[in-house]
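> Test case, fold it:
(one chain, ligands or ions: 2)
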Amino acid sequence: MDPAISTNTDSLVQLVTPEGHRTEPSEFSDLVADITTSKLMDLYEDLVVVRRIDAEATALQRQGELGLWAPLLGQEAAQVGSARALRSDDFVFASYREHGVAYCRGVDPTEMLRFWRGSTQSGWNPYEYNMTTPAIIVGAQALHATGYGLGLKFDGADSAAITYFGDGATSQGDISEAFGFAASFGAPVVFFCQNNQFAISEPVTLQTHITIAERGRGFGVPALRVDGNDVLAVLAATRTALARARAGGGPTLIEAVTYRMGPHTTSDDPTRYRPASLDHEWKLKDPIDRIGLLLEHEGAMDHEFVQRVQLRADETAAELRRGCLGTVEPTPMSLFDNVYSENHPLIDEERDNYAAYLAGFEGA
Ligand SMILES: Cc1ncc(C[n+]2csc(CCOP(=O)(O)OP(=O)(O)O)c2C)c(N)n1
Ligand SMILES: [Mg+2]
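Residues are numbered from 1 along each chain as shown. Ligands and ions are numbered 1, 2, ... in the order given. The predicted structure is shown next:
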């Protein structure tokens, strides 16, 4: 691209370098001054446990126990850092990849899997965790968050909505509409974009010639670019955006620059479109390694702590596997339940037809 027309001048907010060193103090580091060593250790544990949940779910899919899984490998810091900035009364509108956010909201890992196993049409009860179930329609959830945010404003509530979507989603009309609407009406929404560099096989460089942050600004949404593999920077950026929303300042877009280290889903083979050199480049920016190194530099990475985290990850993975294998599958006929709150002639007809179809297998 011609540098003369490039407006890509945004720098990244970073508080911890990939080598595990803190950057110079800044307004952002002030925002996480309360993160003591022990709180940093908790964040590290979150990152490790979330990666383990993801690895176990990927393995379950490979073993035929799940129909599909959308791995988050590499995006742990973006998810944990943002989710740990939220209050329980904030509402999360997620895409299909936010297992780390769901974990931080308290969703039971086995509850996360049921959707991917095809054992439920949706997932958990959104009101139990103030988090929606996975949205497959790319970008749609940003509109839902905007509408919810406006509702909060009308109610005079001081909570906020946050919506997660990818880099590719910013090419969808839904995201543009959500940006425009939220900016015009001052909706208390945090637009959290995980720019993981790819939309399936499409690189972000093809999606946009300006930064994603600038896409938001074009609609009047103030935007921040943050190192998405730096859990502290993400926490600081999300805190700022939430504070703005709560104070009546309207929406903020956070572009968390990260990398999807694995495939788009378990049905995808990234070696078909992604050079190994790019994987290698990003491996050096691993979100878990850098906090591990920081803790090591600060003398907190002792044997006891490492063991504790390992045990927690192992226990969570074992529980998830037990829960998945122990799923009580719904009966085929339950497919027709809860479509409408009352009987509906079309559903009644389809139910009868399907029962007759199933009866055809009896004695076969
Ligand atoms: C409206 C719509 N169009 C296309 C798809 C198919 N699709 C599923 S995921 C995806 C790519 C999304 O990429 P991105 O927004 O970067 O999110 P990521 O998967 O990288 O987290 C596409 C095109 C869809 N689910 N919904
Ligand atoms: Mg993407």
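
> ok, which residues in the chain are in contact with ligand 1?
Within the chain, the positions lying close to ligand 1 (C-beta under 6 Å from any ligand atom) are 97, 136-138, 165-169, 196, 198-200, 260, 264. Any C-beta I mention is one placed from the backbone N, CA and C, and that applies to glycine too.

> Any chance of a ChimeraX selection covering the buried ones in those residues?
Only the buried entries of the residues of the chain next to ligand 1 go into this ChimeraX selection, using 16 or more other C-beta atoms under 10 Å:
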select :97,138,165,166,167,168,169,196,198,199,260,264
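
> Low-confidence stretches in this structure?
For the chain, applying pLDDT under 70 flags the ranges 1-9.

> next structured bit after the longest helix seen in it?
In the chain, taking DSSP state H as the definition, the longest helix is helix 37-62. The helix or strand immediately downstream of helix 37-62 is helix 76-83, counting by DSSP states H and E.

> Does anything pack onto that next one? Which helices or strands?
When contacts are defined as 3 or more C-beta pairs under 8 Å, 6 or more residues apart in numbering; DSSP states H and E, helix 76-83 sits against helix 37-62, helix 99-105, strand 161-166, strand 189-195, helix 231-246, strand 252-257, helix 287-297.

> The fifth one - contacts with which helices or strands?
Going back to what we said before, that points to helix 231-246. helix 27-31, helix 37-62, helix 76-83, strand 161-166, strand 189-195, strand 223-227, strand 252-257.

> Equivalent analysis for the last one, please.
With contacts taken as 3+ C-beta pairs under 8 Å, 6+ apart, helix 287-297 sits against helix 37-62, helix 76-83.

> Determine how far it lies from the middle of the whole chain.
How far helix 287-297 lies from its chain's middle: 22 Å, per C-alpha atoms, centre = their mean, to the nearest Å.

> Give the buried residues for the following helix or strand past it.
The helix or strand immediately downstream of helix 287-297 is helix 303-325, counting by DSSP H and E. For helix 303-325, the neighbour count (16+ other C-beta under 10 Å) marks 309, 313, 316-317, 320-321, 323-324 as buried.

> just stretch 344-355 next, same as before
Neighbour counts over stretch 344-355 (16+ other C-beta under 10 Å) mark R351 as buried.

> And the contacts of that stretch?
With contacts defined as C-beta atoms under 8 Å, 6 or more residues apart in numbering, stretch 344-355 is touched by 332-333, 335-336, 339-340.

> Same check on stretch 35-46?
Applying C-beta under 8 Å, 6+ apart, the contact partners of stretch 35-46 are 76, 80-81, 84, 100, 103-104, 231-232, 235, 288, 291-292, 294-295, 298, 300, 305, 308-309, 312.

> Was I right to think A102 contacts Y129?
Yes: if you go by C-beta atoms under 8 Å, A102 and Y129 touch, sitting 7.5 Å apart.

> In terms of neighbours, single out the busier of these two.
A102 (26 against 20; other C-beta atoms under 10 Å).

> what sits against the more buried one?
Applying C-beta under 8 Å, 6+ apart, the residues contacting A102 are 94, 112, 129, 131.

> Kindly report the same for Q207.
Here Q207 is in contact with 167-168, 170-171, 199 (C-beta under 8 Å, 6+ apart).

> can you list the residues of the stretch 151-300 of the chain near ligand 2?
Proximity of the stretch 151-300 of the chain to ligand 2 (C-beta under 5 Å from the ion) is limited to residues 166-168, 196, 199.

> Closest to ligand 2 out of the residues you listed?
Proximity of those to ligand 2 (C-beta to the ion) peaks at G166, which lies at 3.4 Å.

> Which residue, other than its chain neighbours, is closest to the closest one?
Q194 (5.8 Å; C-beta to C-beta, 6 or more residues apart in numbering).

> What's the local residue count around that neighbour?
Residues lying near Q194 (other C-beta under 10 Å) number 29.

> ditto for P71
Look at P71: counted by other C-beta under 10 Å, it has 22 neighbours.

> G326 too?
Based on other C-beta under 10 Å, the number of other residues close to G326 is 8.

> got it, and the one 4 residues further on?
The number of residues packed near P330 is 14, by other C-beta under 10 Å.

> Tell me which residues of stretch 151-159 come out buried.
The neighbour-count check on stretch 151-159 (16+ other C-beta under 10 Å) flags 152-153, 159 as buried.

> re earlier: please list only the buried members of the contacts of stretch 35-46.
Among the contacts of stretch 35-46, those buried by neighbour count (16+ other C-beta under 10 Å) are 76, 80-81, 84, 100, 103-104, 231-232, 235, 288, 291-292, 294-295, 309.

> ok, of these, which one's closest to S11?
For the buried ones among the contacts of stretch 35-46, the residue nearest S11 by C-beta to C-beta is L232; the value is 16.6 Å.
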